[in-house]
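S.K.: how does the following fold in three dimensions:
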Amino acid sequence: MTPSRYITVLANGLSFEVLEAGTGDRLALCLHGFPEHPEMWRPHLETLVALGYRVWAPSQRGYGKSSKPAGIASYHIDHLVADVAALIDASGARTVTIVAHDWGAIVAWFFAMRKTRPLERLVIMNVPHPAVFAKVIRRSRRQQKRSWYVLAFQIPRLPEWLISRRGGKRLRQIFLSTSLRPEGFTEHELDVYCAQIADVPTARAMINWYRSAIQSNLFRNLVKGGVPEIETPTLMIWGEDDHALGKETTYGTDRYVKNLRIDYLAGCSHWVSQDAPERANERLVSFLG
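M.R.: Below is the predicted model of the structure:
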């Protein structure tokens, strides 16, 4: 098992809990999604370290033991991107590759589009390019139904109260029922997820990512303002049986990414790292090796 530890990193005026493995000045910055935690990246630590990376997997703002600034505005995409830039600066790395899932991947897309810091490679897991998603969600009734929870999260106070009840046990059921390989989730991992969301202020901070996105018209404003092309070589690893995002949200990504590769994984849900860790690691080795 690859040795790892949790460290505290001060960046962008906040304190970040960071899972660290490996050494060196080639950084793999792994960004989790909702409602996850750095523990989700354990299936990939050994592979990334063997490829020569020092891995940093932070609890993003609002999650785990990282800072939880108050208010919806604190979770605007500008702040989330600035966190990533500050973490990279704090690492002192010579080169940076971002590996990201779900909401972490949305942040990674914007980070790459804005060319906030130079990136060697970009790996996206099961989140579409924001411009593609903006187009699909406007015309696809099916995707609108899949994304119902985003609107439900806009209700004040109620969502965080409901999801945090009974020690966050509802979250365990959500993970296991939407995965095609529920045994891929360890009890420790599920306990960590449930414990962090059982705290109402933390649950509110996590949900505020969605509230900020809607209130700031994140995706619509991106399309209206013009979409910068991403030049960083990019790999999308996509579980084809995603319960929340249809495969059609990947079509047309090559319009916005100059050097793109998409690997579809059959029999795999949104939770790629738990459903198909071996296949995902094979793609990482092929792309990053």
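S.K.: for residue 17, give me its contacts.
M.R.: 6, 8, 38, 58, 59, 64, 65, 66 (C-beta atoms under 8 Å, 6 or more residues apart in numbering). Backbone N, C-alpha and C define where each C-beta goes, glycine included.
S.K.: which members of those residues are the farthest-apart pair?
M.R.: Farthest-apart pair in these is 8 and 38; separation 12.7 Å (C-beta to C-beta).
S.K.: how far away is the residue of the chain most remote from its centre from residue 104?
M.R.: Farthest-out residue of the chain from its mean C-alpha position, per C-alpha atoms, centre = their mean: residue 166, at 25.8 Å. Here the criterion is C-beta to C-beta, to the nearest Å. By it, residue 166 lies 27 Å from residue 104.
S.K.: please enumerate the strands of the stretch 1-150 of the chain.
M.R.: Here the stretch 1-150 of the chain has its strands, by DSSP state E, counting those that start in this stretch, at 4-11, 14-21, 26-31, 54-58, 95-101, 121-125.
S.K.: so what are the sheet partners of the third one and their directions?
M.R.: According to DSSP bridges, strand 26-31 forms sheet pairs with strand 54-58 (parallel), strand 95-101 (parallel).
S.K.: report the angle between the first one and strand 4-11.
M.R.: Pointing back at strand 54-58 there. 70 degrees (axes from the mean of the first three to the mean of the last three C-alpha atoms, to 10 degrees).
S.K.: neighbouring contacts of strand 54-58?
M.R.: Against strand 54-58 from outside (C-beta under 8 Å, 6+ apart): 4, 9, 16-32, 38, 41, 45, 48-49, 66, 83, 87, 91, 93.
S.K.: for ChimeraX, write the select line for the buried members of these.
M.R.: Only the buried entries of the contacts of strand 54-58 go into this ChimeraX selection, using 16 or more other C-beta atoms under 10 Å:
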select :4,9,16,17,18,19,20,21,22,26,27,28,29,30,31,32,38,41,45,48,49,66,83,87,91,93
